[in-house]
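# Mind looking at a prediction? Sequence and model below.
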Amino acid sequence: MANVLTAFKANRTKIWVGAVTLLLVFYLVVSFQRSVLLMTDANPVAKAIGVAYLLLPVIGAWALVRELLFGARTERLAKILEAEGGLPEDNLPRTPAGRIIREAADREFEKYRAETEAAPEDWRSWFRLSCAYDAAGDRKRARASMRDAVRLYRTGSRQA
């Protein structure tokens, strides 16, 4: 039992991603089925609604694949950086509730911003900048920086 609990804790995020993905796939399949049923109806309004409703599973499947690929690519880069010893340390002070103290994250952010400005073609600097944005609470810029890191890695800027 202890082994199962340890394995669950180690893979908690992957388990939740898998569960949410399965639920979304189920929703997409049901939506697709309903859209096909509406398109086979004799009523032209029902056919039009069926065609419009068909867009939901298509857009949902596209978004699902895009997010899963983003997560897999991000994880791959994190493993590379970890093996190189280049991951930023999580040593920022926290509140009693466990949240990172914003002022400390902002000070740490400046270090990674300067690193990225000095080496804008290095995916590693963009990855670390993304971590700094995330620690500072700016999720939108964190994702954008991580997309830049993935793009640079994929286009061949893999060397140090």
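Right, received. Where do you want to start?

# Whichever strand or helix holds residue 80: how far from the chain's middle?
Following DSSP states H and E, one finds residue 80 within helix 44-84. Taking Cα atoms, centre = their mean, to the nearest Å, one finds helix 44-84 lying 11 Å from the centre of the chain it belongs to.

# least trustworthy helix or strand in this protein by mean pLDDT?
helix 2-10 (a mean of 74; mean pLDDT, DSSP states H and E).

# tell me which strands and helices the very next helix or strand once past that one is in contact with?
The helix or strand immediately downstream of helix 2-10 is helix 12-39, counting by DSSP H and E. Applying 3 or more Cβ pairs under 8 Å, 6 or more residues apart in numbering; DSSP states H and E, we find helix 12-39 packed against helix 44-84. In this view, the C-beta of every residue, glycine as well, is placed from N, C-alpha and C.

# what about 10 Å?
The helices and strands touching helix 12-39, judged by 3 or more Cβ pairs under 10 Å, 6 or more residues apart in numbering; DSSP states H and E, are helix 2-10, helix 44-84.

# tell me the angle it makes with helix 44-84.
160 degrees (axes from the mean of the first three to the mean of the last three Cα atoms, to 10 degrees).

# so how far is helix 12-39 from its chain's centroid?
With Cα atoms, centre = their mean, you get 18 Å for helix 12-39.

# List the buried residues for that helix?
24, 28, 31, 32, 34, 35, 38 (16 or more other Cβ atoms under 10 Å).

# re earlier: restricting to C-alpha, output the helix or strand following the helix holding residue 80 in CSV.
Downstream of helix 44-84, the first helix or strand assigned by DSSP H and E is helix 102-118. Below are the C-alpha coordinates for helix 102-118, written out as CSV (Å, rounded to 0.1, in the frame of the first residue of the first chain):
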residue,chain,number,x,y,z
ARG,A,102,6.1,38.0,-4.5
GLU,A,103,8.9,40.5,-3.7
ALA,A,104,11.5,37.8,-3.5
ALA,A,105,10.3,36.3,-6.8
ASP,A,106,10.5,39.7,-8.4
ARG,A,107,14.1,40.1,-7.3
GLU,A,108,15.0,36.6,-8.5
PHE,A,109,13.3,37.3,-11.8
GLU,A,110,15.7,40.1,-12.7
LYS,A,111,18.6,37.6,-12.7
TYR,A,112,16.8,35.4,-15.3
ARG,A,113,15.7,38.4,-17.4
ALA,A,114,19.3,39.6,-17.7
GLU,A,115,20.4,36.1,-18.5
THR,A,116,17.8,35.8,-21.3
GLU,A,117,18.7,39.3,-22.7
ALA,A,118,22.4,38.2,-22.8
